[in-house]
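**Q** Predicted model follows, preceded by the sequence.
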Amino acid sequence: MEDVIIITTGDELLYGTTVDTNSSFICSHLFGTNLRVKKHITVPDSIDEITAAITESLSVADIVITTGGLGPTDDDNTVEAICSIFSTKPSVDLKHREKMQDFFESMKMPVTGLDTKMVSYPEGALVLNNTRGLAPGFILEKNCKIVISLPGVPSEMEKMFSTEVTAYLEKTYGLDNSRRLVFKVTGIRESEINSRVRPVLSAFKVRWGITPKSGICDLLIVPESDDFSFSGSISSAIKEVLGQNVIMDGMDSPEEELVHTLREMKLKLAAAESCTGGILAGRITDIPGSSDVFAGSVVAYSNDLKISLLGVNADVIAKYGAVSEETARLMAEGIRGITGADVTVSITGIAGPGGGSEQKPVGTVCFGFHICGREFSVTRLIPGSRERVRVFSSLYAINFLRKELKS
């Protein structure tokens, strides 16, 4: 078992203006492996603070992972700090320099001396390719210790860790992910997940925890010993008690599973959105290859557009309201007529903070569905902020489609 310490750098993390998601991402990927995270530390952009944190961490851990401080500005000091610790000097990675030059030329912007700092790394380190940005990461092995430095931008860091760092750790340490089970669960509250799985897991010698994040909960299970021969039994039991709330193995989100299912069934999806303002379409189109199955979405926010574009009967809106199952059904029919899609969904609701009434309080959302000839309409009350109502409305629609198609 190798010990790991994570160091995140940046004044903005200490000011509270930026939330550190990098540590949690790395911890979640190392949890249950033969690499144990002892702690994670946040330090300011000061070169002295970064140097001290890395030096102290190396005295008690085998691997130190840093994020941040690899950019072009005066407060990006990670490379300089590591060079100072290991008595080496910075070098420029030619591949990333060429990529940076091409990028700035395409933007008709000159490359400055500070920009070159962004593509530097400690001499002798293994350079990690940044496919989502300009600054490379790197791995430095010295004195039987390892320092892994990654960009601070979460999307860049996550991709680099998932591909290059994971491959390196597997090669170097035989990174063993078989000693953990991870289930992604959606459409059900954290407390209900807890109530359903507790009786199952109490029969096994395991540690487990639930991590909620924006409508999806990660259920992580690791054995209390090296023996995890019973993992198959646990997996079967968990899937039985949670049913379709468990996202398919190998999928990271319900929308990814929905796209996969639509592709397998050779079906096309289209949406008509009002209160969600295109959030559902955004979630679907975030999935690579979604163009195979997604015809598109219309954001019909006003009643006039619902009537003129989607063909919703004005008398229906006058009688039942724009936020009603009757209107939602007609919106789903309208987008089906426009696109010819096999599966359509509509969302119309009151996201707030104003606009609610006693009969239809803020958070009232109506959904219409056409699924291969079958028609559904549903009303849900989704409490919380405007953002929460909009996001969870899109999630509810995706989960409804996912479950109906699977069944």
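**A** In hand now; what should we look at?
**Q** Please, which helix or strand holds the residue of the chain most remote from its centre?
**A** Computed with C-alpha atoms, centre = their mean, the residue of the chain farthest from its C-alpha average is Asp315, at 42.0 Å. Per DSSP states H and E, Asp315 falls inside helix 314-320.
**Q** what helices or strands is that helix leaning on?
**A** The contact analysis (3 or more C-beta pairs under 8 Å, 6 or more residues apart in numbering; DSSP states H and E) places helix 314-320 against helix 303-308, helix 325-339. Backbone N, C-alpha and C define where each C-beta goes, glycine included.
**Q** Give me the secondary structure label for Ala271.
**A** State at Ala271, reduced to three classes by DSSP: H, G, I helix; E, B strand; the rest coil: strand.
**Q** That one contacts Ala300, correct?
**A** No - the pair Ala271 / Ala300 is not scored as a contact, 10.4 Å apart, by C-beta atoms under 8 Å.
**Q** So if I had to pick from those two, which one is more boxed in?
**A** Legend: neighbour count by other C-beta atoms under 10 Å for Ala271 and Ala300, higher for Ala271 (29 against 23).
**Q** As JSON lines, the helices and strands packed on helix 314-320 with distance to Glu256, mean pLDDT and mean neighbour count would be great.
**A** Below are the helices and strands packed on helix 314-320 laid out as JSON lines (distance: least, C-beta to C-beta, whole Å; pLDDT from 0 to 100; neighbours: other C-beta atoms under 10 Å):
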{"stretch": "helix 303-308", "distance to Glu256": "30", "mean pLDDT": "97", "mean neighbour count": "16"}
{"stretch": "helix 325-339", "distance to Glu256": "22", "mean pLDDT": "98", "mean neighbour count": "22"}
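**Q** between the ones you listed, which gets nearest to Gly296?
**A** When the helices and strands packed on helix 314-320 are compared by C-beta to C-beta, helix 325-339 sits nearest Gly296, at 6.7 Å.
**Q** and the helix or strand that that closest one is followed by, how far out from the chain's middle?
**A** Next helix or strand after helix 325-339 toward the C-terminus (DSSP H and E): strand 343-349. Strand 343-349 has its C-alpha centroid displaced from the chain centroid by 24 Å (C-alpha atoms, centre = their mean, to the nearest Å).
**Q** cool, stretch 132-142 as well?
**A** Per C-alpha atoms, centre = their mean, the centroid offset for stretch 132-142 relative to its chain is 22 Å.
**Q** What are the buried residues along that stretch?
**A** Within stretch 132-142, the residues scored as buried using 16 or more other C-beta atoms under 10 Å are 133-140, 142.
**Q** now, which of the residues you listed sits nearest Arg36?
**A** Ile139 (18.9 Å).
**Q** what pLDDT does the closest one get?
**A** We have a pLDDT of 98 for Ile139.
**Q** Make 185 the first number, not 1, from now on.
**A** Yep, numbering from 185; the last one is Ile323 now.
**Q** could you give the mean pLDDT of the helix holding Asp499?
**A** 98.
**Q** do you know how far the nearest residue to Arg572 once chain neighbours are set aside is from Gly536?
**A** Excluding the flanking residues, the one nearest Arg572 by C-beta to C-beta, 6 or more residues apart in numbering is Ile566, at 7.1 Å. Going from Ile566 to Gly536 by C-beta to C-beta, to the nearest Å gives 10 Å.
**Q** Find residues that contact each of these two.
**A** 547, 573 (C-beta atoms under 8 Å, 6 or more residues apart in numbering).
**Q** Can you tell me the strand partners of the helix or strand where Thr395 lies and which way each runs?
**A** Applying DSSP H and E as the criterion places Thr395 in strand 390-397. Strand pairing for strand 390-397, using DSSP bridges, gives strand 400-407 (antiparallel).
**Q** Are there helices or strands packed against the helix or strand following the strand it pairs with, and which ones?
**A** Proceeding N to C from strand 400-407, the next assigned helix or strand is helix 415-426, under DSSP H and E. Packed against helix 415-426 by the contact rule (3+ C-beta pairs under 8 Å, 6+ apart) you find strand 365-370, helix 374-385, strand 400-407.
**Q** Now do the following helix or strand past helix 415-426 against strand 453-457, angle only.
**A** Using DSSP H and E, the helix or strand that follows helix 415-426 in sequence is helix 438-449. Computed with axes from the mean of the first three to the mean of the last three C-alpha atoms, to 10 degrees, the direction of helix 438-449 lies at 140 degrees from that of strand 453-457.
**Q** Quick check: buried residues in helix 438-449?
**A** Buried residues in helix 438-449 (16+ other C-beta under 10 Å): 438-446.
**Q** Redo those as JSON lines? Include pLDDT and distance to Lys343.
**A** Shown next, in JSON lines, are these (pLDDT from 0 to 100; distance: C-beta to C-beta, whole Å):
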{"residue": "Pro438", "pLDDT": "96", "distance to Lys343": "21"}
{"residue": "Glu439", "pLDDT": "97", "distance to Lys343": "19"}
{"residue": "Glu440", "pLDDT": "96", "distance to Lys343": "16"}
{"residue": "Glu441", "pLDDT": "97", "distance to Lys343": "21"}
{"residue": "Leu442", "pLDDT": "98", "distance to Lys343": "23"}
{"residue": "Val443", "pLDDT": "98", "distance to Lys343": "20"}
{"residue": "His444", "pLDDT": "97", "distance to Lys343": "21"}
{"residue": "Thr445", "pLDDT": "97", "distance to Lys343": "25"}
{"residue": "Leu446", "pLDDT": "98", "distance to Lys343": "25"}
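**Q** Adding distance to Trp392, write those residues out as CSV.
**A** Formatted as CSV, the buried residues of helix 438-449 follow (distance: C-beta to C-beta, whole Å):
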residue, distance to Trp392
Pro438, 22
Glu439, 26
Glu440, 24
Glu441, 23
Leu442, 27
Val443, 29
His444, 27
Thr445, 28
Leu446, 32
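**Q** could you say what helices and strands the longest helix seen in the chain packs with?
**A** Longest helix in the chain by number of residues (criterion: DSSP state H): helix 570-590. In terms of contacts (3+ C-beta pairs under 8 Å, 6+ apart), helix 570-590 is packed against helix 438-449, helix 463-469, strand 527-533, strand 548-555, strand 558-565.
**Q** still on that earlier bit, what does the strand holding Thr395 contact?
**A** Contacts for strand 390-397 (C-beta under 8 Å, 6+ apart): 212, 374, 377-378, 381, 385, 401-408, 418.
**Q** Cheers, nothing more for now.
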